[in-house]
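Novice: Dropping the sequence and predicted coords here.
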Amino acid sequence: MDFRYTESEQTFKDKFETWLSSNTPEGFGKPGYETPGTWEEMAEEYRRFQANLFDAGYAGINFPKSYGGAEGSVMENIIVSELTGPVYFHAMGGCHVISLGLAAPTILAWGNQAQKEEFLPKTLSGQIIWSQGFSEPNAGSDLANLGTKAVKEGDEYIINGQKIWSSFAQVADWCILVCRTDPTVAKHKGLSYFLVDMKSPGIEVRPIMNIAGDPEFNEVFFEDVRVPEAMRVGNEGDGWKVALTTLGHERYLGEVAMVPTFLKEYDELVHLAKKLKLNGRTASKDPIIRQKLAQIYVELSVMRCNGYRNMSKLAKGEMPGPEGSVGKLFWSQLHQRMTEAAIDMLGPYHQLTADSKHTIDNGQWGFYFLRAKGNTIEQGTSEIQKNIIGERVLGLPKDSART
Amino acid sequence: MDFTFSQEQEILRDSARRFVEKECSIDYIKQFVDNKTSFTEEMWRKIAELGWTAVLIPEEYGGLALGFVELAVILEEMGRGPMPGPFISSVVLAGEAIRLAGSPQQKETYLTKMATGELKGTLAWAEPGDLNSLENITFTAHNAGESFTLNGTKIFVPDADMADFIICVAKTEEGTALFLVEKEDPGIEINALHTMDRTMNLCEIVFKDVQVPKNALLGEVGAATPVLRQILNKVNVAYSMDMVGGGRRVLDMGVEYAKTRVQFGQAIGSFQAIKHTCAELLMEVECSRSIVYYAAWAQEQEENEATLNASVAKTFSSDMYRKVTKEVLQILGGIGFSWEHELHIYLKRAKCLGALFGDAVFHRERVARELGY
């Protein structure tokens, strides 16, 4: 057990920090920086940044060189994930999440040679942005209940159905899509996993506005969309297993990249507490505010250590397991507590939006507060995480509805 | 960077777990809280034979010179018992104070014998009033030329009645100082306090004109504050580790019950009201484990890291232990509310360890100050 960077890790970190400081979007991290206004602009920012990252040899640290990766160590992966996290999340709307966190690792784990050669370099270099086609109106927490059909016809599948809550579909080039290929077998066994070109005829994307007024996700309709058999990942019927790999990665890496992003928000929160006046004194001198801020720092420290612990597991060559659910459950609740603390401290000022007179911190706390409400729903609700922990970690029996 | 245990640490954990399971069964701990048995010198000898009393002591004084992480591994297993006794008081409070502040002569005299288990000590810090404040110290050491005269009352001193010597925090004319006092010195009266948690042994000590020689001074006069700061860090990490072990044990108890207790024709663990509680508790316990091991490691790093993370660890793990014991009592139902079931032993220990040397509120404020707001 040793949490210090080794000499070579420190050298790598210094070098990468230097590179990053001259390659982040203009003005990022400085007062007055504003994130791009539209998803198209954020996607463009992401493509530009990712292409540079790729050319500099820092993309896909944990991927083989033959597929455009850097074949670096797990620690180097943590270092790059931590340092790029705030850039991706605060300047690019998290456009990397599905592409680098889900699509690329899944293709590496399950894809055939041709799929790996075709998609991995383009994904790691930001040429392809992926969206995720998992949830459906009648298949949320009960994901295996999904009904979008893929019917084999010659060497193609014909896809019909509807996906929902698909983030980045409005800017994505390709989609990882889970469909039902066999309606006659048990629901988990009849699924298959596909890579689908979003430009295929028959796909329609309709934006959905979230409660913060941001059209971040979409409904995606598929009408007789033709997908070559060569775009199926794994065998027919493997879809659920392939999807589970994807979800495991999502939970592990999400936590590591999220830590510095949250720490940045925390620093901004402390800064706010030092300038706000409350009950006749500076907010940061109010004992209750101090307790709240310190508790948030405590929880952020816990989150960081959890991430290190999980990453050390990966470093030993173990696959992501159900423990990833512990991290997801924790950080999603933590982010809500943190943003609620900000809102409470601001009093009625939290109501003022970015474009309002008298607004504080560009209205970001109201936005964060609202956006954080999605954290306990997206990527598997807290209730689903608790089922996973209860049943697969603690070995408790399933409830009668799901046996 | 590596957050895994070495092979040696894993071996240490295995042996510690076997020892605690053998020597500290549920029957033993129940007899203990019913005052049918008490901590014996024989048990202390067994602990010393394992080398645990020598873990933090430098090799030149006969110690093993291992790190705080190794100690943490032992403490996590002891916390599962929970194993009563003066281990943390002697090894961490007294041993570390001598290691940090003692003269070569004091180290030779005390650490050598503490390593073998011949001597046990403790630290008397808190006084009635604002318990954890150094400003509150009213316990006086008057410089009388060739000797010091000690007067005052200390409370919540762990295991003072079992200790051979006591390190006292005192105020002198020239500043705060530590004194190493033999328990047999005339004028010392030790009274065991009657406590809710019977696994912990807390005492009051009254000093009345106790004369101690000049060489009883541990470190320089006026130099006690930085030493106490480190002791406060270390004892809180030690208690936190004990709480992690205990928390996991209690959770396992609740999960086991939820798997076997049948109501409405089903194991109650299949109901989400119970299952989700267990999942939340696993999150709390495992999160505590992550942060407390980090804090244990940080004790040997830069001082601000050691302080910040000790308080972070104590805050999180004391809230965790309280929550786990409370929720598992609810899962157990009526039996969890009975004296017969062992749950209450952990529930009370959670409250006791959580409150000693600063509760979560105290440590959150300490975090805030460390972070500069």
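Specialist: Thanks, I have the structure now.

Novice: Which residues of the stretch 151-300 of chain B lie near chain A?
Specialist: Residues of the stretch 151-300 of chain B found near chain A (CB under 8 Å from any CB of the partner chain) are B:255, B:258-259, B:266-267, B:269-272, B:274-276, B:278-280, B:282-283, B:286-288, B:290-291, B:293-294, B:297-298. For the C-beta atoms, the positions are set from N, CA and C on the backbone; glycine is no exception.

Novice: Any idea which residue of the stretch 151-300 of chain A lies closest to chain B?
Specialist: The stretch 151-300 of chain A approaches chain B most closely through A:Ala294 (3.9 Å), counting by CB to the nearest CB.

Novice: residues of the strand or helix carrying that residue that come out buried?
Specialist: Counting by DSSP states H and E, the element that carries A:Ala294 is helix A:287-315. Buried residues in helix A:287-315, counted by 16 or more other CB atoms under 10 Å in any protein chain shown: A:289-315.

Novice: before we move on, what about stretch B:270-287?
Specialist: Neighbour counts over stretch B:270-287 (16+ other CB under 10 Å) mark B:270-272, B:274-287 as buried.

Novice: Just the C-alpha atoms of it, please, in PDB.
Specialist: Taking Å, rounded to 0.1, in the frame of the first residue of the first chain, the C-alpha atoms of stretch B:270-287 are listed here in PDB:
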ATOM      1  CA  SER B 270     -35.600 -10.700  -0.400                       C
ATOM      2  CA  PHE B 271     -37.700  -7.600   0.600                       C
ATOM      3  CA  GLN B 272     -36.200  -4.400  -0.800                       C
ATOM      4  CA  ALA B 273     -36.800  -2.600   2.400                       C
ATOM      5  CA  ILE B 274     -34.300  -4.900   4.000                       C
ATOM      6  CA  LYS B 275     -32.000  -5.500   1.000                       C
ATOM      7  CA  HIS B 276     -31.600  -1.900   0.200                       C
ATOM      8  CA  THR B 277     -30.700  -1.100   3.800                       C
ATOM      9  CA  CYS B 278     -28.100  -3.800   3.700                       C
ATOM     10  CA  ALA B 279     -26.700  -2.400   0.400                       C
ATOM     11  CA  GLU B 280     -26.500   1.100   1.900                       C
ATOM     12  CA  LEU B 281     -24.700  -0.300   4.900                       C
ATOM     13  CA  LEU B 282     -22.200  -2.200   2.700                       C
ATOM     14  CA  MET B 283     -21.500   1.100   0.900                       C
ATOM     15  CA  GLU B 284     -20.900   2.800   4.300                       C
ATOM     16  CA  VAL B 285     -18.600   0.100   5.600                       C
ATOM     17  CA  GLU B 286     -16.500  -0.300   2.400                       C
ATOM     18  CA  CYS B 287     -16.200   3.500   2.000                       C
END
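
Novice: Quick check: mean pLDDT of it?
Specialist: The pLDDT scores in stretch B:270-287 average 97.

Novice: these two touch, right, A:Asp379 and A:Lys328?
Specialist: If you look again at residue A:379, you'll see it is Gln, not Asp. Yes - here A:Gln379 lies in contact with A:Lys328, judged by CB atoms under 8 Å, at a distance of 6.4 Å.

Novice: Name the nearest residue to the residue in the stretch 101-250 of chain A that chain B sits nearest to, ignoring sequence neighbours.
Specialist: The stretch 101-250 of chain A approaches chain B most closely through A:Ser141 (11.8 Å), counting by CB to the nearest CB. Counting by CB to CB, 6 or more residues apart in numbering or on different chains, A:Ser141 lies nearest to A:Ile384, which is 5.0 Å off, once chain neighbours are set aside.

Novice: What helices and strands are in contact with the helix or strand that that neighbour is a member of?
Specialist: For A:Ile384, the host element (DSSP H and E) is helix A:382-388. Counting contacts by 3 or more CB pairs under 8 Å, 6 or more residues apart in numbering or on different chains; DSSP states H and E, helix A:382-388 packs against helix A:324-346, helix B:272-298.
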